[in-house]
Every structure is written in structure tokens, then in C-alpha cells.
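**Q** Here is the input, now give the coordinates:
(2 chains)
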Amino acid sequence: MTIDWLHFTPWTALAGGALIGLAAALLWWLTGRIAGISGLVGGLLTLPGDWPLRLAFTAGLIAAPLLWQQFAPLPTIELSASFAWMLAAGLVVGVGVKLGSGCTSGHGVCGLARLSPRSLAATLSFMATGFITVWLLRHVLGG
Amino acid sequence: MHQSARTVAAGLVGLLFGVGLIVAGMANPAKVLAFLDLAGAWDPSLALVMGGAIGVALPAFALSRRRDSGWLGARFDWPRASQIDRRLLMGSALFGVGWGMAGICPGPALVLLGAGVPEAFGFVAAMLVGIGLAGKLWPAR
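**A** Numbers count the residues shown, from 1 in each chain, chains lettered A, B, ... in the order given. Alright, predicted model coming up:
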């Protein structure tokens, strides 16, 4: 393993992480909801009684880059895969988060922060396959 | 009245969450993939994103255990599921595969959508199809 010191951004990572944690804490204290993005957004599909809250949170996330652009240009977004590949990835993510009842935010941030063994198991699972998938695609298949 | 206040709060919190993702570098798929690439030039930044987020959220959850409700009359909706079963592990494993394919998880996908990235529209649409499909084909008992 070699660490890419050139692209390592410890301070913005910590600061951004703290903001994410603050948002999760505020959603919990202000609405009583776990900030699990896949669950909040995915739940919109069945139009439950709490859809306005789900929609508001989702809209806030989508509006974040628009707000950002009022003050500064967005940081670089590098995306190299084809549109078809993105569709496939999105489909796999969707099925996975539904069956796994959560994603990086619900299990990885909120679940670990409330010391849930179930979320720890989920997080270890998706981190492991995330590492393996990138290793396969980049170093075995050479994509 | 409190209910609409909570809805407004959710919108502002979503905004804050999205700004956090942008600051953290999570809205750049290449950076996420560089974190997942242990065998390549590894960028450990995202471990600090998770550490920073948990560091702030952990005391907030811990403090809430002593009471029934938060602010604005919000009742703490503690997740009830606790079992670690095949569904959880297989689903999460599958999510990790998709995450590794694109470097995008659901939160950043929505931020990229707002940034007008064309691929993000496809990703989010396919993700919603996946969520709907999985809910239909394999409903939770």
C-alpha cells in the first residue's frame, strides 16, 4: 500500500465529516429521524404520510451545490465511467441499500454513532465489497 | 405547527448535509474511488470524513438516550431492527459493489444531481428503480 499524500486532504475531510455529523445530529434532535439517505429518499416511492419531510430533506441535498455556487465554484468533479456503467452501478446500489436497509449515512455514520452492532456488520460488509470491487476493476481486470 | 417546522428543519438539515459532503470531497467520485483503491495510490481522506462525522454524531445520540423527545416535539424514532441476517449482509455487500463501481453512494448522488452532472440523473433514476424493484421482489417480512 502506498499513501497518496498529494491528494490526501485531512482538514477538509475532517471539517466536512463534522458538518455531516452535525447534520445527522440536528435531524435526530429536530425531527427524531435517522439521517439515512437511501431510506429517506427510497421511502418517497411509496408516498408515506411523512413524505413532506422526506422530500424537504432530499430537496435540501439537491440544492446544496446550487447554494454553494452562489459563493464559490464547486470543487472538481471527476467522473470517468460511461453513462451505461453509471446506470448499472445505480441499480446495484438501489437493490443493495433496500435489502441492506441503509447506506453510508444510515449505517456508516448514524448506525456507528449510536453503537449499533447491526450497522457495524452492514458497514464492514459494504466497505469490504467496495474495496474488493475497486481492486478487481482496477488491478485484476485492468479497467 | 410543529410538524411544518420539522419539515422546514429537514430541508435546512439536508442542505447542511449536502454542503458537508461537498467540503469533505465526497461529491467527487474519483476521490471516493481513490479511498477504495487500497492497492493503488491510496487516499485515506474518507476515513477522516467518517471519523469526523461519528465524532460529532456520537455524543448527540448518546445524550438523546436520556429523554423521549428532542426539539420541536420530535419523538426519537430509534431503529427497531437489531438482527444481523443474510438479508442485511447480502444487501450491504451488494451496495458496496455498486459503490465501488461508480464511487457514488446515495447522498453524493443527489448532490451531483443538483450540480447538473448528467450521469447523476441516470444513477439516481436507476437507484430508485433498484429500491422499488427490491421492495417488490423481496419484501421485508
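
**Q** Quickly find the element holding the residue most central in space within chain B.
**A** The geometric centre of chain B, computed from its C-alpha atoms, lies nearest to residue B:107 (Cα atoms, centre = their mean), at 5.0 Å. Using DSSP states H and E, residue B:107 falls within helix B:106-114.

**Q** What mean pLDDT does that helix get?
**A** Rounded to a whole number, the mean pLDDT of helix B:106-114 is 98.

**Q** Would you mind listing the buried residues in the host helix or strand of residue B:10?
**A** Under the criterion DSSP H and E, the helix or strand holding residue B:10 is helix B:2-24. Of all the residues in helix B:2-24, those buried under the rule 16 or more other Cβ atoms under 10 Å in any protein chain shown are B:6-7, B:9-24. Glycine gets a C-beta too; all of them are placed from N, C-alpha and C.

**Q** same thing with stretch A:123-136?
**A** Buried residues in stretch A:123-136, defined by neighbour count with 16+ other Cβ under 10 Å: A:123, A:125-127, A:129-135.

**Q** If we check chain B, which of those residues are in contact?
**A** A:123, A:125-127, A:129-135 (Cβ under 8 Å from any Cβ of the partner chain).

**Q** Now do stretch B:124-133: everything it contacts.
**A** A:38, A:41-42, A:45, A:86-98, B:106, B:109-110, B:113 (Cβ atoms under 8 Å, 6 or more residues apart in numbering or on different chains).

**Q** Weed out the non-buried ones from those.
**A** Of the contacts of stretch B:124-133, these count as buried by 16+ other Cβ under 10 Å: A:38, A:41-42, A:86-98, B:106, B:109-110, B:113.

**Q** between the buried residues of stretch A:123-136, which is nearest residue B:62?
**A** Out of the buried residues of stretch A:123-136, the one with the shortest distance to residue B:62 is residue A:123. That distance is 18.7 Å, counting by Cβ to Cβ.

**Q** In a helix, that closest one, correct?
**A** Yes - judged by DSSP: H, G, I helix; E, B strand; the rest coil, residue A:123 forms part of a helix.

**Q** Quick check: buried residues in stretch A:76-84?
**A** Neighbour-count burial for stretch A:76-84, with 16+ other Cβ under 10 Å as criterion, is recorded at A:77, A:79, A:81.

**Q** which regions of chain B sit below the pLDDT cut-off?
**A** Counting by pLDDT under 70, chain B contains low-confidence residues at B:1.

**Q** What are the phi and psi values at the nearest residue to residue A:132 once chain neighbours are set aside?
**A** Once flanking residues are discounted, residue A:132 sits nearest to residue B:100: 7.3 Å by Cβ to Cβ, 6 or more residues apart in numbering or on different chains. Recorded main-chain torsions at residue B:100 are phi -70, psi -30, according to degrees, to the nearest 10.

**Q** Identify the residues contacting residue B:100.
**A** For residue B:100, the residues meeting the contact criterion (Cβ under 8 Å, 6+ apart) are A:129-134, A:137, B:33, B:36.

**Q** 10 Å instead, please
**A** Listed by Cβ atoms under 10 Å, 6 or more residues apart in numbering or on different chains, the contact set of residue B:100 reads A:89, A:92, A:126-127, A:129-138, B:32-33, B:36-37.

**Q** Now the phi/psi pair for residue B:77, please.
**A** With angles defined as degrees, to the nearest 10, residue B:77 shows backbone torsions of phi -100, psi 80.

**Q** That one: what's its closest spatial neighbour, skipping adjacent residues?
**A** Computed as Cβ to Cβ, 6+ apart, the closest residue to residue B:77 that is not its neighbour in sequence is residue A:32, at 4.8 Å.

**Q** Lovely, talk soon.
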